[in-house]
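Take this sequence and fold it.
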Amino acid sequence: MPHRFEKIEYKPIPARDLLLEMKNLSELMIDLAYSAALFNDKDLAEDVLELELRVDTLAYLLEISIMVAARDARDAEDLLGVSTVASAADKISDAAADIAAIVTQNIGVHPIVSEIFEKVEERLLRARVSEGSAIIGKQIGELKLAAEMGVDIIAIKRNKDWIIDPKETEKILSGDLLIARGTPVGIDELKECAEGKRKTEQVRVSKKRQKQFEEIVKRFVELKDTSELMIDLAYSSLLYDNKELAEEVHKLEEYVDKLHTEFELCVLSSSFKKDEARGFLGLIRLGVVAEKIADAAAEIAEVVLRGLEPHPILKSTIEEAQETITHVYVTANSPLANKTIREARIPEETGMWVLAIRRGEKCIRPKPDSKIEAGDVLIASGYAEGAEDLKRLASP
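The predicted model follows:
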C-alpha cells in the first residue's frame, strides 16, 4: 500500500499532548495489528494503517514543536530525550503497520497458527455494535465484562474518533467499534452480544503437523510477549529514572535477538507444501516485526542509560507518581512460591504491581494466571513502604 502524503499545517499543540497520544496509539496499534494478522481480519488491519497515518502526523507536529522550543544547545540537549522517545513510538507504529500489511497484502499466516494461538493467549476482538444489540446504552461498568466474561474493552472507535482505555461510565452506542481483550470464550460471548456473528470452522491438520505448529506458536508467543514487555519496562525506566530497569531492557534486547533466530529456524525447518508458503512467510515477518519493537524499546531505555535527565514532558506523559522500582528474590519458603499472580494478591497485600518476572535468562510479562516459582526475581513498582512489604513476603 503506497504511503499517502498530505500537507500538514502546524498547530501549537502542547508537546506533552502530542507525545501522550503517540504513546497510547502506538501501543494500541501493536495489539490491533497482531490480532489482525493472527485472525486474518482485514478491517482491523485497515484500522491500523489509518492509525499509522495519525501517528506520522503527530510525530511531524512534535518534531516542529521541539525545534521551536529549543532556543540553544542546552534546550536541545534537554529535549533530546523527548525526541528519542517520540522517534521510538513512531517506529513502534511503523512496526504495527508492517504487521497489518501481512493481511492487506494477502500474505497471511497459516490458519492453524491462529487456532492454536487462540488457546494459549489472550485475544483481541473488533466488533461493531449493531442496531438492536442488548448492550446499546449500557455503561461499560454495568456490563461487568471482566468479572463475568474475562474481557476488558480497551478502546472504542466512534465515527472517526478513538476513545482509548474508556472509563466505566462510558456508554456504548449503536455503531461503536469495540476493541476488547480477553479470554477466547469471553471474546466470543461479547462478539455475539455486539453483532451476533458465529465462529468460523476449525482447520483440521494431522497430529504431527499440529505438534510442529504448537512449537512455532510457543516460540512466537515468547518473542511477542518479551518485545512488548520491553516497551513497558522502557517507559517505566523513564518514569522512575531507573538505570537498573533500563539495563534490563538492553539485556532483553540481546535475548530477543536470540529468540528471533530460534523462531526463524523453527519456522524454516518445518516442512510445508507449496500452497502454504505465503502463510509461513507471514510467520517470518511477524518475527522480524517483534524484533523491531524490541529495538524501539531499547532506544527508549537509552535515554536513561546515556544519563539524560528525563524531561518533565516525558514524566508527565507516562504518569506522575512518586513510586519506586524494586527487585525481590522469591525463596522456597516464601508464601508467594507456587502461586499464580492472581492467587498471590500482591497489589492487595503490598500496594506493589509486578511488572515482570525474571526466571533464569528469561523475563516474563506476567498475567493473572502466571505462576511464581522459587528462584524467580520479581520486578515490581509501587510506593517505598510496599517495596519493603514485598521483600518480606518474597524472602521471609
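
List the buried residues of stretch 381-396.
With burial defined by 16 or more other CB atoms under 10 Å, the residues of stretch 381-396 counted as buried are 381, 382, 386, 387, 389, 390, 391, 393, 394. The C-beta positions use only the backbone N, C-alpha and C, and glycine is treated the same way.

I should have written stretch 58-70 there, sorry.
58, 59, 61, 62, 64, 65, 66, 70.

how far out from the middle of the chain is it?
Computed by CA atoms, centre = their mean, to the nearest Å, the chain-centroid distance of stretch 58-70 equals 26 Å.

who touches it?
8, 10-13, 15, 18-19, 21-22, 25, 75-76, 79, 82-83, 86-87, 89-90 (CB atoms under 8 Å, 6 or more residues apart in numbering).

And stretch 343-352, how far out from the chain middle?
23 Å.

residues of that stretch that come out buried?
Quick answer for stretch 343-352 (16+ other CB under 10 Å): 344, 346, 350, 351, 352.

now the residues you listed in a markdown table, with pLDDT?
Shown next, in a markdown table, are those (pLDDT from 0 to 100):
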| residue | pLDDT |
| --- | --- |
| 344 | 88 |
| 346 | 88 |
| 350 | 86 |
| 351 | 83 |
| 352 | 84 |
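
Widest-spaced pair of these?
Using CB to CB, the pair of the buried residues of stretch 343-352 lying farthest apart is 344 and 351, separated by 13.5 Å.

Now do the strands in the stretch 101-250 of the chain.
Assigned by DSSP state E, counting those that start in this stretch, the strands in the stretch 101-250 of the chain fall at 123-128, 151-158, 161-164, 177-182.

Of the ones you listed, which shows the lowest average pLDDT?
Note on those: strand 123-128 shows the lowest mean pLDDT, a mean of 77.

and that one, what does it pack onto?
Using 3 or more CB pairs under 8 Å, 6 or more residues apart in numbering; DSSP states H and E, the elements in contact with strand 123-128 are helix 15-38, helix 42-69, strand 177-182, helix 184-195.

C-alpha coordinates for that strand, CSV please?
Extracted C-alpha coordinates of strand 123-128, given in CSV (Å, rounded to 0.1, in the frame of the first residue of the first chain):
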residue,chain,number,x,y,z
ARG,A,123,-7.3,-12.5,22.2
LEU,A,124,-8.4,-9.1,20.8
LEU,A,125,-11.8,-8.5,19.4
ARG,A,126,-13.0,-6.0,16.9
ALA,A,127,-16.8,-5.9,16.9
ARG,A,128,-19.3,-3.3,15.5
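
out of the buried residues of stretch 343-352, who's nearest residue 153?
Nearest to residue 153 among the buried residues of stretch 343-352, counting by CB to CB, is residue 346 at 25.1 Å.

residues contacting the closest one?
Residues counted as contacts of residue 346 (CB under 8 Å, 6+ apart) are 336, 352, 353, 354, 380, 390, 393.

Burial check on residue 281, number of neighbours?
15 (other CB atoms under 10 Å).

tell me which element it falls in.
helix 277-305 (DSSP states H and E).

ok and that helix relative to helix 15-38, angle-wise?
Direction vectors for helix 277-305 and helix 15-38, defined by axes from the mean of the first three to the mean of the last three CA atoms, to 10 degrees, enclose an angle of 150 degrees.

Only the buried residues of helix 277-305, if you could.
Residues of helix 277-305 classed as buried by neighbour count (16+ other CB under 10 Å): 279-280, 282-287, 289-304.

now stretch 71-87
Buried, per 16+ other CB under 10 Å, within stretch 71-87: 78, 79, 80, 81, 82, 83, 84, 85, 86, 87.

so which of the contacts of residue 346 comes closest to residue 173?
The closest of the contacts of residue 346 to residue 173 turns out to be residue 353 (CB to CB; 32.5 Å).

Count the residues that sit near that closest one.
Residues lying near residue 353 (other CB under 10 Å) number 14.

Could you list which residues are in contact with the closest residue to residue 171 other than its chain neighbours?
Counting by CB to CB, 6 or more residues apart in numbering, residue 139 is the residue found nearest to residue 171 once chain neighbours are left out, at 5.5 Å. Applying CB under 8 Å, 6+ apart to residue 139 gives the contacts 168, 169, 170, 171, 172.

Not counting sequence-adjacent ones, nearest residue to the third one?
With sequence-adjacent residues excluded and distances taken as CB to CB, 6+ apart, residue 170 is closest to residue 140, at 5.3 Å.

if we can go back for a sec, redo the strands of the stretch 101-250 of the chain as JSON lines? Include mean neighbour count and distance to residue 104.
Converted to JSON lines, those look like this (neighbours: other CB atoms under 10 Å; distance: least, CB to CB, whole Å):
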{"stretch": "strand 123-128", "mean neighbour count": "21", "distance to residue 104": "15"}
{"stretch": "strand 151-158", "mean neighbour count": "20", "distance to residue 104": "18"}
{"stretch": "strand 161-164", "mean neighbour count": "14", "distance to residue 104": "20"}
{"stretch": "strand 177-182", "mean neighbour count": "21", "distance to residue 104": "18"}
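
Adding distance to residue 253, write these out as TSV.
Listed next are the strands of the stretch 101-250 of the chain as TSV, based on distance: least, CB to CB, whole Å:
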stretch	distance to residue 253
strand 123-128	25
strand 151-158	26
strand 161-164	27
strand 177-182	26
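
Out of the ones you listed, flag the one nearest residue 259.
Among the strands of the stretch 101-250 of the chain, strand 123-128 sits nearest to residue 259 (CB to CB), with 22.0 Å.

about what we covered before: pretty sure the residue nearest to residue 170 sits against residue 166.
Yes: counting by CB atoms under 8 Å, residue 166 is a contact partner of residue 140 at 6.0 Å.

what sits in contact with each of the two?
With CB under 8 Å, 6+ apart as the test, residue 140 and residue 166 both reach residue 153.

Leaving out sequence neighbours, find the closest residue to residue 83.
Spatially, and ignoring its direct neighbours in sequence, residue 83 is nearest to residue 66 (5.5 Å; CB to CB, 6+ apart).

Quick one, grab the pLDDT at that neighbour.
Note on residue 66: pLDDT of 79.
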